[in-house]
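Enquirer: pasting a predicted model and its sequence here:
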Amino acid sequence: MINFCIDEVTALRIVFMGTPEFALPSLQMLVNEGYDIAAVVTQPDKPKGRGKKASMPPVKEYAINNNINVLQPEKVKTQEFVETMKELKPDLMVTCAYGKILPKDILDIPPYGCINVHGSLLPKYRGAAPIQWAIINGEKTSGITTMFTDVGMDTGDMLLKAEIEIPDDMTAGQLHDRLAVLGADVLKDTLLEIKNGTLRRIPQKEEEATYAPMLSKADGCIDWSKSSREIHNLVRGTNPWPGAFTQYEGKMMKVWATSVFNEEKHDKKPGTIVKVERERIIVACGLGMVEVKEVQFESCKRLCIGDFICGHRMDEGEILG
């Protein structure tokens, strides 16, 4: 148990560190609950779109709109940034999808440490892409873990957890949105337990740890020799980024929506279009078959199969990939 001896939890002076949309609900919660936010630390603006115009991270945009001081260090391990953080005199730091590992010099600044909001049920899925890999690997549940940050990759002591189910048709984008909101709730409860002096640290079991490395575009490539369940999970887990893809008539075709047609053995070559119907095509996998419902070619918009085959011929017996 940790006794913080704080009369009012909102008296905590907090530095919040986060970057993408996933971090927004947690930051919004801190603002709505009246916490003293000394600063928001987020990653630098990055070029985006065809024009490569500098784009602000969502967390920065929200902070500016709410008159919160914003810091965007290129590197967090410089003495200059360490001194800047010391000058802020935070009681506590909160990190949520910040995107950089913090050095001990930073973690040692706040007297009450650094709490991280992580999108998995630790110690499973430590790392940068826990939401996507949970779906790709066919997990039935996911959740949020708050933890004390140490110098490792999501290795610190766990605090609170909340679990949700992953339906068979849920995409990574949908799970992301649910966990972002849940993360704010779990963070709120974690801070209340600080106030009550009831927060307990639970060491992670290293033998149960798994890792979720950052995804690349290549991770979306569909291997039709895998089972229908594995391919369906890949499509869900890479939606919205990087997107699952295959080859059709020598061109890259993204596959945005599928379902498992069956999981039975068959004599078709993996990737074979077995049936073309109005709202779907049935494609053979290494084991079983999938229904492909929505596709997209480069420089074209996403189309349901019904709309796609109105302007493109697809024949039974053709092979994808």
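Expert: Cool, the structure landed. Numbers count the residues shown, from 1 in each chain.

Enquirer: distance check, Ser227 against Asp36.
Expert: 52 Å (C-beta to C-beta, to the nearest Å). Using the backbone N, CA and C atoms, a C-beta is placed for each residue, glycine as well.

Enquirer: neighbour-wise, which of those two wins?
Expert: Ranked by neighbour count (other C-beta atoms under 10 Å), Ser227 and Asp36 place Ser227 first, with 17 against 12.

Enquirer: which parts of the stretch 1-150 of the chain are strands?
Expert: Assigned by DSSP state E, counting those that start in this stretch, the strands in the stretch 1-150 of the chain fall at 13-18, 36-41, 46-48, 53-55, 70-71, 92-96, 114-118, 141-148.

Enquirer: those: which one's closest to Gln174?
Expert: In terms of C-beta to C-beta, the element of the strands of the stretch 1-150 of the chain nearest to Gln174 is strand 141-148, at 11.3 Å.

Enquirer: CA-only coordinates of that closest one in CSV, if you can.
Expert: Output of strand 141-148 as CSV, limited to C-alpha atoms (Å, rounded to 0.1, in the frame of the first residue of the first chain):
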residue,chain,number,x,y,z
THR,A,141,-10.3,-9.8,-23.9
SER,A,142,-8.2,-6.7,-23.5
GLY,A,143,-8.2,-3.8,-21.1
ILE,A,144,-6.3,-1.0,-19.4
THR,A,145,-3.5,-1.2,-16.8
THR,A,146,-2.2,1.7,-14.8
MET,A,147,1.3,1.2,-13.7
PHE,A,148,4.3,3.0,-12.1
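
Enquirer: in its sheet, which strands sit next to that strand, and in what direction?
Expert: strand 114-118 (antiparallel), strand 158-165 (antiparallel) (DSSP bridges).

Enquirer: report the buried residues of that strand.
Expert: For strand 141-148, burial by neighbour count (16 or more other C-beta atoms under 10 Å) applies to Ser142, Gly143, Ile144, Thr145, Thr146, Met147, Phe148.

Enquirer: for these, give me JSON lines that also has pLDDT and distance to Pro57.
Expert: Output for the buried residues of strand 141-148, formatted as JSON lines (pLDDT from 0 to 100; distance: C-beta to C-beta, whole Å):
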{"residue": "Ser142", "pLDDT": "98", "distance to Pro57": "24"}
{"residue": "Gly143", "pLDDT": "98", "distance to Pro57": "25"}
{"residue": "Ile144", "pLDDT": "98", "distance to Pro57": "21"}
{"residue": "Thr145", "pLDDT": "98", "distance to Pro57": "23"}
{"residue": "Thr146", "pLDDT": "98", "distance to Pro57": "22"}
{"residue": "Met147", "pLDDT": "98", "distance to Pro57": "23"}
{"residue": "Phe148", "pLDDT": "96", "distance to Pro57": "25"}
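
Enquirer: lovely, talk soon.
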